[in-house]
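Colleague: Need coordinates for the following:
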Amino acid sequence: MSRKEKQPADLLALWKTSAEDALRWKNGTDIRSLNLNSAPGYLGTKEQGEAALAMYEPELAELQEKLFAQGKTGASRAVLLVVQGLDTAGKGGIVRHVIGMVDPQGIKLSSFGKPSKEESEHHYLWRIENALPKPGYIGVFDRSHYEQVLVVRTDELEDEKTWRAHYGEINEFEKNVTAQGIKIVKVALIVSKDEQKKRLKARLDHPNKFWKYNPNDLNTRAKFAEYLDAYQEMLDETNTDYAPWYLIPADKKWYARLAVTQLLLDALRNMDLEWPAATFDVEEQKKLVDES
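Modeller: Presented below is the predicted three-dimensional model:
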């Protein structure tokens, strides 16, 4: 870090606009007009952003522990982080670098790929409802119920009338979820087509990344424009006051991780979490411990 760069104490002040304000989806925005290599709201460099991310860890971990402690003592609140994104957009990196900062015992991670035979026999929201976080937990959806208006639409697995009806179903479902005390944070990671190509090629250049590559990814890539159309409509149709969307330009991995961390941190801060009060006489228990 050069002398001209911000010192560590100033790194968290480099948000010129809060992540919530900078990234909140505005209906009607043309998704194709966005600069996916940008860092909306943030003035810092990659090095500063990575340093700031590390500085968030103590507070994020403490807030998550407070949430977990409250859940253990009867509170009903929880958080659900919904992570949607184009292939190679960095969903796995969000789980490792953001959620990896907190105690795993308070995390419920769910990944939603192709439905199993049992899941296919139920309404598509059945498996989603079964994966909702219990009180005190942070739930993370790596892909989600939105596959029903993304993959299902783009691969023509249902007729248009059917998949369009899902927008209203999803909005109603999320309204009911928030009424249960679950705060929903929805992030859409969008990577440019050029950056996606670079990341796919990188998977083929390194043996330790072969496992990430699937030849079928090229079939999905061939529908890049169709997926952008699907994301555009999904964002416009399911961006509600109780469960808003945040669009994350994902060409800069460090920024995407920083932005999601900031959004999650803000959600937890706004819950005004406190440590649960003791349900016993503390001084009496201290005395009993001393005498034991």
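
Colleague: Show me the shaky parts of the stretch 1-150 of the chain.
Modeller: Scanning the stretch 1-150 of the chain with the threshold set as pLDDT under 70 gives 1-9.

Colleague: Could I get the full set of helices for it?
Modeller: Applying DSSP state H, counting those that start in this stretch to the stretch 1-150 of the chain gives helices spanning 19-23, 46-72, 91-97, 117-120, 125-130.

Colleague: Then the stretch 151-292 of the chain?
Modeller: 151-154, 160-179, 193-205, 217-221, 224-237, 253-269, 282-291.

Colleague: hey, which of the ones you listed is tucked in deepest?
Modeller: Greatest average neighbour count among the helices of the stretch 151-292 of the chain goes to helix 253-269 (a mean of 22), per mean count of other Cβ atoms under 10 Å. Using the backbone N, CA and C atoms, a C-beta is placed for each residue, glycine as well.

Colleague: May I have that one as CSV, with CA atoms only?
Modeller: Listed next in CSV are the C-alpha coordinates belonging to helix 253-269 (Å, rounded to 0.1, in the frame of the first residue of the first chain):
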residue,chain,number,x,y,z
LYS,A,253,-14.6,-10.7,-7.9
TRP,A,254,-13.2,-8.7,-5.0
TYR,A,255,-15.9,-6.1,-5.4
ALA,A,256,-18.7,-8.7,-5.6
ARG,A,257,-17.5,-10.2,-2.3
LEU,A,258,-17.1,-6.9,-0.6
ALA,A,259,-20.6,-5.7,-1.8
VAL,A,260,-22.4,-8.8,-0.6
THR,A,261,-20.6,-8.7,2.7
GLN,A,262,-21.7,-5.0,3.1
LEU,A,263,-25.3,-5.9,2.3
LEU,A,264,-25.4,-8.8,4.7
LEU,A,265,-23.7,-6.7,7.4
ASP,A,266,-26.2,-3.9,6.9
ALA,A,267,-29.1,-6.3,7.2
LEU,A,268,-27.8,-7.7,10.5
ARG,A,269,-27.0,-4.2,11.8
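
Colleague: contacts for that helix?
Modeller: For helix 253-269, the external contacting residues (Cβ atoms under 8 Å, 6 or more residues apart in numbering) are 15, 18-20, 23, 39-42, 46, 49-50, 52-53, 56, 59-60, 63-64, 67, 79, 81, 83, 89-90, 93-94, 97-98, 101, 138, 183, 185, 187, 189, 246, 248-250.

Colleague: average pLDDT across that helix?
Modeller: Averaged over helix 253-269, pLDDT sits at 96.

Colleague: what's the neighbour count on Met55?
Modeller: Residues near Met55, counting by other Cβ atoms under 10 Å, number 14.

Colleague: right, and Pro249 touches Ile31 too?
Modeller: No: using Cβ atoms under 8 Å, Pro249 makes no contact with Ile31, being 10.6 Å away.

Colleague: neighbour-wise, which of these two wins?
Modeller: Ranked by neighbour count (other Cβ under 10 Å), Pro249 and Ile31 place Pro249 first, with 22 against 17.

Colleague: can you pull the contacts of the nearest residue to that one once chain neighbours are set aside?
Modeller: Nearest residue to Pro249 in three dimensions, chain neighbours excluded: Leu36, at 4.4 Å (Cβ to Cβ, 6 or more residues apart in numbering). By Cβ under 8 Å, 6+ apart, the residues touching Leu36 are 190-192, 195, 249-251.

Colleague: quick one: Leu36 from Asp194, how far?
Modeller: Distance, Leu36 to Asp194, by Cβ to Cβ, to the nearest Å: 9 Å.

Colleague: Can you name the residues that contact the closest residue to Asp217 other than its chain neighbours?
Modeller: For Asp217, ignoring the flanking residues on the chain, the nearest one in space by Cβ to Cβ, 6+ apart is Asp87 at 5.4 Å. Residues in contact with Asp87 (Cβ under 8 Å, 6+ apart) are 196, 200, 217, 220-221.

Colleague: what's the lowest-pLDDT member of these?
Modeller: Among those, Asp217 carries the weakest pLDDT, at 86.
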